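What would the 3D arrangement of this be:
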Amino acid sequence: MRFPSITDGLTPPELWAKKFQANNPLFVRRLEELRSEIKSNLVELYENYDEYNKLDNHDKKKMKSKYSFFTYRAGVLPLVGVDDIVCSNYF
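Presented below is the predicted three-dimensional model:
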């Protein structure tokens, strides 16, 4: 992963995002794939929430861990600081 140089001076976030996207197309594509995967899995989990009450304790634990995993991934991406800048032009 290559970051734009800071020697050019401070650039606006939009310009920085365009440079980052141009220098790291694979990273940006993978980030898009992860975001869509997380969204689809969360939608699936919320749609199946009514079925959740009918599950036994073992299945409930599996469902909770899956939900925690995907919400953790969704929560960690913005912490890097790159996600908001890179994705502001995409999403």
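
Regarding the chain, what is its longest helix?
helix 25-47 (DSSP state H).

quick one, helices of this protein?
13-23, 25-47, 49-52, 57-76, 82-87.

circling back: would you indicate which residues of the longest helix of the chain are buried?
Under the neighbour-count criterion of 16 or more other C-beta atoms under 10 Å, helix 25-47 has 28, 31, 35, 38, 41, 45 buried. Placement of C-beta: from N, CA and C, glycine included.

Out of those, which is nearest to residue 60?
residue 45 (12.4 Å; C-beta to C-beta).

The closest one and residue 67 touch, don't they?
Yes. Using C-beta atoms under 8 Å, residue 45 is in contact with residue 67, at 5.4 Å.

Just the pLDDT for residue 11.
As predicted, residue 11 sits at a pLDDT of 62.

cool, residue 74 as well?
59.

With residue 42 instead?
pLDDT, residue 42: 79.

re earlier: in terms of mean pLDDT, which of the helices of the chain ranks lowest?
What stands lowest among the helices of the chain, in mean pLDDT terms, is helix 82-87, with a mean of 49.

neighbours around residue 23, how many?
By other C-beta atoms under 10 Å, the residues close to residue 23 number 13.

how much space is there between it and residue 54?
In this view, residue 23 and residue 54 are 49 Å apart by C-beta to C-beta, to the nearest Å.
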